[in-house]
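[1] Here is my input; please provide its structure:
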Amino acid sequence: MAESKRDYYEVLGVSKDADDAAIKKAYRVLAKKYHPDANPGDKEAEAKFKEASEAYAVLSDAEKRRQYDQFGHAAFENGGAGTGGWDFNGGDMGDIFGDIFGDLFGGGFGGRSGRRANAPMKGANLRASVRISFEEAIFGTEKELEMTLKDECTHCHGTGAKEGTTPVTCPKCNGSGQVVYTQQSMFGMVRNVQPCPDCGGKGTIIRDKCPHCYGTGYTQSRKKIKVSIPAGIDNGQSVRIRGKGEPGTNGGERGDLLVEVIVSQHPIFKRQDTNIYSTVPISFVQAALGDTLRIKTVDGEVEYQLKAGTQTDTRIRLKGKGVPFLRNRNTRGDHYVTLVVQVPEKLNESQKEALRAFDDAMKGKPAREKEKKAESFEEKIDETISGLFRKKKKEKKDE
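    Presented below is the predicted three-dimensional model:
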């Protein structure tokens, strides 16, 4: 009954405004988890698989989803306000399983043959990585990679057959590259389409292999490839180089080369999106009286007028001194500098006394008693010495 069914969006774990890609992704996860082949004899898993399949069958179809959003489960009950009924165990499910399970379980469902296995197919992508400096990531650079690439064999022209011979049609699949197995499932009879095991899905078999490529149709060689790395690229992002991947099959185009960029850390600068962050130490005197600072940026040093009375952890913004936007290198982020007041770790006695006097002056206190006593003692010594000199002079005069 309609009232006993869970909401289809809830079943798949998606929001009601989810797009087709999100719905399909959610269903793939559930289908792989609860598929009967992965849970033999588990009735609960089978029920959840069936529930998820039913939900996907509705939400993946624009018209059925519109009806469900308007009428709920009643849209598919006999005599309901919607279409007047729809059979979830019929032909509709076949197309869905062919679409979803073709790459999950290695075959097709419901009579879908899909793409011909011997049709032209693009080659696989290759992957590589390159390390660059922080500055190179900011302003862009060019690197050179040396890689082993496959090329079509010039002797057999990619057929893999010895010169003067040609591949023959596979007798098992009659050149289709596919074999079809019919089997019984809980949804009825389904057809499982798989690549031909004899020809590997090519549709042809090589009797006499080319001695230069050993029947592969390709030769390998080391090549140097230039990689243009754009300004503003971030750590972990990749640069795509078209047509530098694996060769295609059956006349298909080559794949691409994806070069992952690894950015080395900088001793001073840190990056977040298009902004740069750094810390600059300043002295207590600079913070108190102000000064002209020279701050390092990726563009070189810039002058900044420090205001008197600047507090520690004050953050200043250097506009346009950050990272260029990938899509527009003329637009840049900002550089944020945190000013940290440094406290001296070692002081001599005179420096300590100067700081104590400064502290007293800031607090409005009179001079310390110690200093007064010292001054009084020095005055007494001066008076005593002066008196001795005067006495000696008098004695000489009397003589």
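[2] in the stretch 51-200 of the chain, which spans are helices?
    62-71, 91-101, 134-139 (DSSP state H, counting those that start in this stretch).
[3] Spell out which residues make up each domain of this structure.
    2-88, 119-155+214-265, 270-341, 349-398 (automatic domain parsing).
[4] Go through those domains and name the closest to Thr182.
    For the domains of the chain, proximity to Thr182 was assessed by Cβ to Cβ; domain 2-88 is nearest, at 16.3 Å. Where you see a C-beta, it was placed from the backbone N, CA and C, and this is true even at glycine.
[5] What's the mean pLDDT across that closest one?
    In this model, domain 2-88 has an average pLDDT of 80.
[6] before we move on, the earlier item: how about the domains of the chain in a markdown table, adding mean neighbour count and distance to Ile206?
    Shown next, in a markdown table, are those (neighbours: other Cβ atoms under 10 Å; distance: least, Cβ to Cβ, whole Å):
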| stretch | mean neighbour count | distance to Ile206 |
| --- | --- | --- |
| domain 2-88 | 15 | 34 |
| domain 119-155+214-265 | 16 | 5 |
| domain 270-341 | 15 | 46 |
| domain 349-398 | 10 | 88 |
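[7] Distance to Val179 added to the ones you listed, as CSV?
    Converted to CSV, these look like this (distance: least, Cβ to Cβ, whole Å):
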stretch, distance to Val179
domain 2-88, 19
domain 119-155+214-265, 16
domain 270-341, 47
domain 349-398, 90
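[8] Low-confidence ranges, the stretch 51-200 of the chain, go.
    Residue ranges of the stretch 51-200 of the chain with pLDDT under 70: 77-119, 184-190.
[9] how about the strands in it?
    Taking DSSP state E, counting those that start in this stretch as the test, the strands found in the stretch 51-200 of the chain are 126-132, 141-152, 168-169, 178-185, 188-195.
[10] Check whether the spatially most central residue of the chain sits in a helix, strand or coil.
    The geometric centre of the chain, computed from its C-alpha atoms, lies nearest to Gly236 (Cα atoms, centre = their mean), at 5.6 Å. Recorded secondary structure, Gly236: coil (DSSP: H, G, I helix; E, B strand; the rest coil).
[11] element containing the nearest residue to it once chain neighbours are set aside?
    Among residues not flanking Gly236 along the chain, Glu260 sits closest, at 6.8 Å (Cβ to Cβ, 6 or more residues apart in numbering). Taking DSSP states H and E as the criterion, Glu260 maps to strand 257-263.
[12] partner strands of that strand, parallel or antiparallel?
    strand 126-132 (parallel), strand 238-241 (antiparallel) (DSSP bridges).
[13] Can you say which of those is nearest to Ala26?
    The nearest among the strands paired with strand 257-263, by Cβ to Cβ, is strand 238-241 at 26.6 Å.
[14] How far does the closest one sit from its chain's centre?
    From the chain centre to the centre of strand 238-241 is a distance of 14 Å (Cα atoms, centre = their mean, to the nearest Å).
[15] can I get the CA coordinates of that strand in CSV?
    The C-alpha trace of strand 238-241 is given here as CSV (Å, rounded to 0.1, in the frame of the first residue of the first chain):
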residue,chain,number,x,y,z
SER,A,238,46.0,18.8,-12.4
VAL,A,239,46.9,20.1,-15.8
ARG,A,240,45.3,18.2,-18.7
ILE,A,241,47.3,17.7,-21.9
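[16] for Ala21, helix, strand, or coil?
    Secondary structure, three-state DSSP: Ala21 is helix.
[17] ok, Gly243 - contacts?
    Contacts for Gly243 were tallied using Cβ atoms under 8 Å, 6 or more residues apart in numbering; they are 253-254, 256.
[18] any idea how far the closest residue to Thr314 other than its chain neighbours lies from Lys307?
    Distances taken as Cβ to Cβ, 6+ apart place Leu339 nearest to Thr314, at 4.7 Å, with adjacent residues excluded. Taking Cβ to Cβ, to the nearest Å as the criterion, Leu339 is separated from Lys307 by 10 Å.
[19] what does Leu257 give?
    With Cβ to Cβ as the criterion, Leu257 and Lys307 are 52 Å apart.
[20] quick one on the thing from earlier: Throw the strands paired with strand 257-263 into CSV and include distance to Tyr34, thanks.
    Converted to CSV, the strands paired with strand 257-263 look like this (distance: least, Cβ to Cβ, whole Å):
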stretch, distance to Tyr34
strand 126-132, 33
strand 238-241, 34
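[21] Ok, which of these comes nearest Ala47?
    Using Cβ to Cβ, the nearest of those to Ala47 is strand 126-132, at 41.0 Å.
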